[in-house]
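K.L.:
Structure of the sequence below:
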Amino acid sequence: MSVMSPFPIQKETLSVVATAGFALAALAAPFSSALLNIGCIAGFVFWLMSLRIRDFKRMAARPTMWLWAAFILLLIASLLWTTAPTSDALGTLSKYRKLLYCPAVLCLCLACPAFRRLFLILSYVSLFLLSLCSVAVALHVPGFPAPDPYQGAIFMKSHITEGFLLGIFTLMNGCLMLFDRRRAMRLLGSVGLILAFVVVFYLTNGRTGFLSMTIALLVIGCYWIENKRQVFMLIAALVVGAALIFSTSDRVQNRISEATDNVVQYVEKGNNQTSMGLRLSFWTGGLNIFIQSPLVGQGVGSFRTEMSVQAQNKNAQNPPVITSNPHNDFILIAAQTGLAGLSLWLVFLWRVYRFSSRFDKSAQLLLRGLLALYVTGAFFNSYLLDLTEGTVFVLALGVLLSIQDRKTLKEMDHA
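P.N.:
Sure thing, here's the model as predicted:
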């Protein structure tokens, strides 16, 4: 016999307000960090106030959530052995608060599946607007900022953020093109994909955008394939497409050439003052931190402290540049929480991938595509540390994990 809440109306009202907060975050993510923060914090607080026993049961039914919770608890526990000053440790830990939003969004979507649809629609609309705004920047439309000399026609965020977001936008357009039966929606998906393609490869200078777009297109291609003939067609299209992009986009040519030159300079001359040189310096320093404490790491927020120690080593030929952000999520996690934290995170990602096999192909494309964007991009950026990229990833993950088949839904409703 179920136990009725003594304040049923209040609980429902709190859930609605929490939903509105996360909906605001979905709409504001590409444009306003402040509104993204406010929406998520409000959504999480009101969700906590509306929690019921059924919500915990629903979360417990997701084996991935136990790994998620264990990873968060390990980050918190590492405050006990961190080598960083308390202020640095707490400051870094506060950046990981976005991890708490995943179970909140998951529960809200399970309690009200209409929220999942609302979140996806608002996210699509905001990303479509972001693409249009980038075009307006490139065309010097009055009222829009001028193109950035280094980053290109970006709008309000950085080229790294915009590249990651447009990768997600591409996945959503691919889903519409492949699986929506309505002609108007397939046409919308085609227009959106072309728009994102043009913005990423021809209007902005971000290598993260090039990578995200390429990975998204590969994922879409994999779900398009139905026979061997289409495999060869996809390979041919990729080869021809890559050749055309490289030969027609000065931005792609320049950024790839620059990255290659940066790596050569770092390897041959130890130059760590270039874009890729800095990253290689960060990664080398991060691996040294991990080696010093491989099991549980040096604690949350310790990266800057440990890099400072390495920089003071007079015997080092090329001392690393001091930073708290190594631009690599996996190295950062390993440095802070060792093999324990890195294993939890990698197993979590793998279990999410396996869990998505229960979904239909459209949901699989979105979830597995999101994982592919994160895993590849996290080798060059610390997404979990970054506000917009990390928050959007966490929110989208919670929304997509709430999808289930009818059998699973019945089992959870009777739990």
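K.L.:
where are the low-confidence patches of this protein?
P.N.:
Scanning the chain for pLDDT under 70 picks out 1-9, 314-320, 404-415.
K.L.:
What are the boundaries of the helices in the stretch 101-250 of the chain?
P.N.:
Here the stretch 101-250 of the chain has its helices, by DSSP state H, counting those that start in this stretch, at 101-111, 113-138, 159-179, 183-198, 207-224, 228-248, 250-269.
K.L.:
and Phe379, which of those helices is closest to it?
P.N.:
Taking CB to CB, helix 207-224 is the member of these nearest to Phe379, at 9.1 Å. All C-beta spots, glycine's among them, are computed from the backbone N, C-alpha and C.
K.L.:
Can you list the buried residues in the closest one?
P.N.:
Within helix 207-224, the residues scored as buried using 16 or more other CB atoms under 10 Å are 207-217, 219-221, 223.
K.L.:
which one among those gets closest to His327?
P.N.:
Distance to His327, by CB to CB, is smallest for Thr208 among the buried residues of helix 207-224, at 10.0 Å.
K.L.:
how about the residue nearest to the closest one when sequence neighbours are not counted, what does it touch?
P.N.:
Distances taken as CB to CB, 6 or more residues apart in numbering put Gly163 closest to Thr208, at 4.0 Å, once the chain neighbours are dropped. Residues counted as contacts of Gly163 (CB atoms under 8 Å, 6 or more residues apart in numbering) are 200, 204, 206-213.
K.L.:
give me that answer again for 10 Å
P.N.:
Gly163 sits next to 151, 154, 157, 199-200, 204-213, 373, 377, 381, 389 when contact means CB atoms under 10 Å, 6 or more residues apart in numbering.
K.L.:
Any idea how many residues pack against Ser362?
P.N.:
Ser362 is flanked by 16 other residues according to other CB atoms under 10 Å.
K.L.:
is it true that it touches Phe179?
P.N.:
Yes - if you go by CB atoms under 10 Å, Ser362 and Phe179 touch, sitting 4.0 Å apart.
K.L.:
Next, show the common contact partners of these two.
P.N.:
Tyr223.
K.L.:
re the thing from before, nearest to Val264 among the buried residues of helix 207-224?
P.N.:
Checking the buried residues of helix 207-224 against Val264 by CB to CB gives Arg207 as the nearest, at 16.2 Å.
K.L.:
nearest spatial neighbour of that closest one, skipping sequence neighbours?
P.N.:
Spatial nearest neighbour of Arg207, chain neighbours left out: Arg255 (5.3 Å); criterion: CB to CB, 6+ apart.
K.L.:
And stretch 181-190, what's buried?
P.N.:
Buried residues in stretch 181-190, counted by 16+ other CB under 10 Å: 186, 188-189.
K.L.:
How about residues contacting it?
P.N.:
124, 128, 170, 172-180, 220.
K.L.:
8 Å - rerun?
P.N.:
Applying CB under 8 Å, 6+ apart, the external contacts of stretch 181-190 come out as 172-177, 180.
K.L.:
top of those residues by neighbour count?
P.N.:
Top of the contacts of stretch 181-190 by neighbour count (other CB under 10 Å): Asn173, with 27 neighbours.
K.L.:
Wait, that one touches Asp180, no?
P.N.:
No - counting by CB atoms under 8 Å, Asn173 does not reach Asp180; the two are 10.3 Å apart.
K.L.:
OK, contacts around Arg351?
P.N.:
Listed by CB under 8 Å, 6+ apart, the contact partners of Arg351 are 63-64, 67.
K.L.:
make it 6 Å
P.N.:
Thr64 (CB atoms under 6 Å, 6 or more residues apart in numbering).
K.L.:
ok, it to Ser343 distance?
P.N.:
Distance, Arg351 to Ser343, using CB to CB, to the nearest Å: 12 Å.
K.L.:
and if you look at Ile76?
P.N.:
For Ile76, the distance to Ser343 equals 17 Å [CB to CB].
K.L.:
So those two - more neighbours on which side?
P.N.:
Taking other CB under 10 Å, Ile76 and Ser343 do not tie; Ser343 has more neighbours (15 against 11).
K.L.:
How about the backbone phi and psi for the more buried one?
P.N.:
Torsion angles at Ser343 (phi, psi; degrees, to the nearest 10) stand at phi -60, psi -40.
K.L.:
who touches whatever helix or strand Gly39 lives in?
P.N.:
Using DSSP states H and E, Gly39 sits in helix 33-49. The contact list for helix 33-49, computed with CB under 6 Å, 6+ apart, reads 14, 17-18, 21-22, 24-25, 28-29, 101, 104, 387.
K.L.:
Show me how far stretch 74-85 is from its chain's centre.
P.N.:
The chain centroid and the centroid of stretch 74-85 are separated by 24 Å, computed with CA atoms, centre = their mean, to the nearest Å.
K.L.:
Could you work out the end-to-end span of that stretch for me?
P.N.:
Using CA to CA, to the nearest Å, one end of stretch 74-85 lies 18 Å from the other.
K.L.:
Can you give me the buried ones in it?
P.N.:
For stretch 74-85, a neighbour-count test (16+ other CB under 10 Å) marks 74-75, 78-79, 82-84 as buried.
K.L.:
returning to what we had before: farthest-apart pair in the buried residues of helix 207-224, please.
P.N.:
Farthest apart among the buried residues of helix 207-224 by CB to CB are Arg207 and Tyr223. That separation is 25.2 Å.
K.L.:
Return the subset of the contacts of helix 33-49 lying in helices.
P.N.:
Secondary structure from DSSP state H places 14, 17-18, 21-22, 24-25, 28, 101, 104, 387 of those in helices.
K.L.:
I'd like these written out as CSV, with neighbour count added.
P.N.:
CSV is the format used below for those (neighbours: other CB atoms under 10 Å):
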residue, neighbour count
Leu14, 18
Val17, 16
Ala18, 24
Gly21, 22
Phe22, 28
Leu24, 19
Ala25, 28
Ala28, 20
Tyr101, 24
Ala104, 26
Leu387, 16
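K.L.:
could you redo these as TSV and give each row distance to Ala335?
P.N.:
Listed next are the ones in helices among the contacts of helix 33-49 as TSV, based on distance: CB to CB, whole Å:
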residue	distance to Ala335
Leu14	39
Val17	39
Ala18	34
Gly21	33
Phe22	31
Leu24	34
Ala25	29
Ala28	32
Tyr101	24
Ala104	28
Leu387	21
